[in-house]
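Colleague: Let's see this in three dimensions:
(3 chains)
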Amino acid sequence: MSDDAETSDGEPASPLDDQTAPFYTIGQVSSLLGMPQAALRRLDDQDIVSPERSEGGQRRYSRNEVDRLREVATLTEEGVTLPGVRKVLALRRRVEALEEEIADLRARRPE
DNA sequence: TTTCTCACA
DNA sequence: TGTGAGCA
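Modeller: Presented below is the predicted three-dimensional model:
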């Protein structure tokens, strides 16, 4: 933990470094990942990758979501259906939560 | 001009 | 899943 753009309290050093703050338009993401805008909208409809909305109701994707989109694209290319992708992402979050819990338990009861 | 939603094949 | 209409 040293070269990250974060302060000691875990806050991003600046909004520009916040993986959650930078927003891309659907057009940017679409050409960036080479995937149709319609596909992006369907992923949003099915709650697989749901970006924030601007005042005008337009989708704004964060870097995190662009990364997630990359993973989703890989899975679908491998033949995983959207409900399947949804399952994978849910299990992924579950694993992360459990890993955090394990780390926490280890800290409380060291060997 | 770009994005939005909705609808059709 | 891709395309097009009609709107803001």
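
Colleague: Please make it C-alpha for all contacts and neighbour counts, starting now.
Modeller: OK.

Colleague: What about the residue of chain A found nearest DNA strand C, how many residues nearby?
Modeller: At 4.6 Å from DNA strand C, residue A:38 is the closest residue in chain A, using Cα to the nearest atom of the strand. The local packing of residue A:38 (other Cα atoms under 10 Å) involves 11 other residues.

Colleague: tell me what the helix or strand hosting residue A:89 is packed against?
Modeller: Using DSSP states H and E, residue A:89 sits within helix A:82-108. With contacts taken as 3 or more Cα pairs under 8 Å, 6 or more residues apart in numbering; DSSP states H and E, helix A:82-108 sits against helix A:63-77.

Colleague: residues of the helix it packs on that come out buried?
Modeller: By 16 or more other Cα atoms under 10 Å, the buried positions in helix A:63-77 come out as A:63-66, A:69, A:72-73, A:75.

Colleague: which one of those residues sits closest to residue A:31?
Modeller: Checking these against residue A:31 by Cα to Cα gives residue A:66 as the nearest, at 11.6 Å.

Colleague: Now the closest one. Nearest residue, chain neighbours left out?
Modeller: residue A:29 (7.0 Å; Cα to Cα, 6 or more residues apart in numbering).

Colleague: so who does the one you found touch?
Modeller: A:35, A:61, A:66 (Cα atoms under 8 Å, 6 or more residues apart in numbering).

Colleague: any chance of those residues in JSON lines, plus pLDDT and distance to DNA strand B?
Modeller: Formatted as JSON lines, these follow (pLDDT from 0 to 100; distance: Cα to the nearest atom of the strand, whole Å):
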{"residue": "A:35", "pLDDT": "95", "distance to DNA strand B": "12"}
{"residue": "A:61", "pLDDT": "96", "distance to DNA strand B": "9"}
{"residue": "A:66", "pLDDT": "95", "distance to DNA strand B": "14"}
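
Colleague: hmm, back to that, which pair of the buried residues of helix A:63-77 spans the longest distance?
Modeller: A:63 and A:75 (18.7 Å).

Colleague: how about the residues of chain A near DNA strand C?
Modeller: Selection of chain A residues close to DNA strand C by Cα under 7 Å from any atom of the strand yields A:36-39, A:42, A:76, A:82.

Colleague: I appreciate the help and will end here.
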